[in-house]
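Engineer: pasted the sequence and its predicted model underneath.
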Amino acid sequence: MLELYGTALASRLLLGTARYPSPAVLSDAIRAARAEVVTVSLRREGAGERAGQGFWSLIRALGVRVLPNTAGCHSVKEAVTTAHMAREIFATPWVKLEVIGEDDTLQPDVFGLSEAARILCAEGFEVFPYTTEDLVVAERLIAAGCRVLMPWGSPIGSGRGLSNLFGLSALRAHFPEVALIVDAGLGVPSHAAQAMELGFDAVLVNTAVAQATDPVAMAGAFAQAVEAGRAARLAGPIEPRDFAAPSTPVVGQAFLR
Amino acid sequence: MRILVNGVWRETAGRELAATLEELGYGGRIVSTALNGEFVATEARARTVLADGDRVEVLAPMQGG
């Protein structure tokens, strides 16, 4: 079982809820993914609008846990205030902490992130920081009180998969006891399988499912890939090597030259 | 009194945040509020007095990644 801040989960696929063609497709995708945790957000709502209320009813009806994010926040203050607002509305201490530092790549501002994580952990939040694979930053976040880290695979929504395999492998090796969830940039199920094979505890996917031609089918494909990757990790993959090693035994081979 | 609600200037009569939200049509809605960048919890809205030029944010659940 995956354990996140003391909560045991059977599914290792977390799903984002944005950019689906319709609320019905979103519901079906969450079911197809067998996701137990979905990310949500907060946005301005006018008095005459009902979109937010309808969305929240839909999510509650599915019986999944929510992980509110601080998407779009560029400063520590914005992120901390948004976390407070999310904690009240979603009634959870969980927060996916995003402090964005660069708009083209949506790369996290790891300095602001560390500071916001320190503040929120001290206030009793259970922080899931959206970070890079940087080991020193990871160390700071853990020192701040984070027990889960969410390193990026590649920029949000890019679909490029795991850009820095070496860095992600090093992160996994350095922090064997911390729950590590690859968040952002996965494009196809093989990327998710690869993250799981590297030993990551879970993956979070949104755009790759929501913007697929058939999001529900893609959600199911990601669920299979996550299970396959996890099973492979537990099974102990072989080490890559530079030269061929015959798989058919050579002993007893006929001499026919 | 003129206050900025979600980036739009509004003329309101209410002095407290709770009364102002009712007046603006947010009564009974699941929303979270901030005043001038600081979170205001639901139970604090009735005693939070607004001043001319205040910035109020009214946020609701939304899809997110």
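Structural biologist: Yep, it's here.
Engineer: the strand ranked longest in chain B near chain A anywhere?
Structural biologist: As assigned by DSSP state E, the longest strand anywhere in chain B is strand B:55-63. Yes - judged by C-beta under 8 Å from any C-beta of the partner chain, strand B:55-63 comes into contact with chain A through B:57, B:58, B:59, B:60, B:61, B:62, B:63. (Glycine included, C-beta is placed from N, CA and C.)
Engineer: now those residues in JSON lines, with neighbour count, distance to residue B:51 and pLDDT?
Structural biologist: Formatted as JSON lines, those follow (neighbours: other C-beta atoms under 10 Å in any protein chain shown; distance: C-beta to C-beta, whole Å; pLDDT from 0 to 100):
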{"residue": "B:57", "neighbour count": "23", "distance to residue B:51": "16", "pLDDT": "96"}
{"residue": "B:58", "neighbour count": "21", "distance to residue B:51": "17", "pLDDT": "96"}
{"residue": "B:59", "neighbour count": "20", "distance to residue B:51": "21", "pLDDT": "95"}
{"residue": "B:60", "neighbour count": "24", "distance to residue B:51": "25", "pLDDT": "95"}
{"residue": "B:61", "neighbour count": "29", "distance to residue B:51": "29", "pLDDT": "95"}
{"residue": "B:62", "neighbour count": "18", "distance to residue B:51": "29", "pLDDT": "95"}
{"residue": "B:63", "neighbour count": "23", "distance to residue B:51": "34", "pLDDT": "95"}
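Engineer: so which bits of chain B are right by chain A?
Structural biologist: Chain B comes close to chain A at residues B:6-7, B:24-26, B:29-34, B:37-39, B:41-42, B:57-65, as judged by C-beta under 8 Å from any C-beta.
Engineer: kindly report the residues of the stretch 51-200 of chain A close to chain B.
Structural biologist: So far as C-beta under 8 Å from any C-beta goes, the stretch 51-200 of chain A lies against chain B at A:51-53, A:55-56, A:59, A:68-69, A:71, A:77-78, A:81, A:84-86, A:88-90, A:156-157.
Engineer: in strands, which of these appear?
Structural biologist: Mapping those onto strands (DSSP E) picks out residue A:68.
Engineer: now the helices for chain B?
Structural biologist: B:17-24 (DSSP state H).
Engineer: give me the most central residue, it.
Structural biologist: In chain B, the C-alpha nearest the mean C-alpha coordinate belongs to residue B:56, at 4.6 Å (C-alpha atoms, centre = their mean).
Engineer: I'd say it and residue B:35 touch.
Structural biologist: Yes - assessed by C-beta atoms under 8 Å, residue B:56 is found in contact with residue B:35 at 5.8 Å.
Engineer: quick one, which of the residues of the stretch 51-200 of chain A next to chain B are buried?
Structural biologist: Buried members of these, counted by 16 or more other C-beta atoms under 10 Å in any protein chain shown: A:52-53, A:55-56, A:59, A:68-69, A:71, A:78, A:81, A:84-86, A:88-90, A:156-157.
Engineer: now the residues of strand B:55-63 next to chain A in TSV, with distance to residue A:185?
Structural biologist: Shown next, in TSV, are these (distance: C-beta to C-beta, whole Å):
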residue	distance to residue A:185
B:57	30
B:58	33
B:59	27
B:60	28
B:61	25
B:62	22
B:63	19
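Engineer: quick one: which of those is nearest chain A?
Structural biologist: For the residues of strand B:55-63 next to chain A, the minimum distance to chain A (C-beta to the nearest C-beta) is 2.8 Å, reached by residue B:60.
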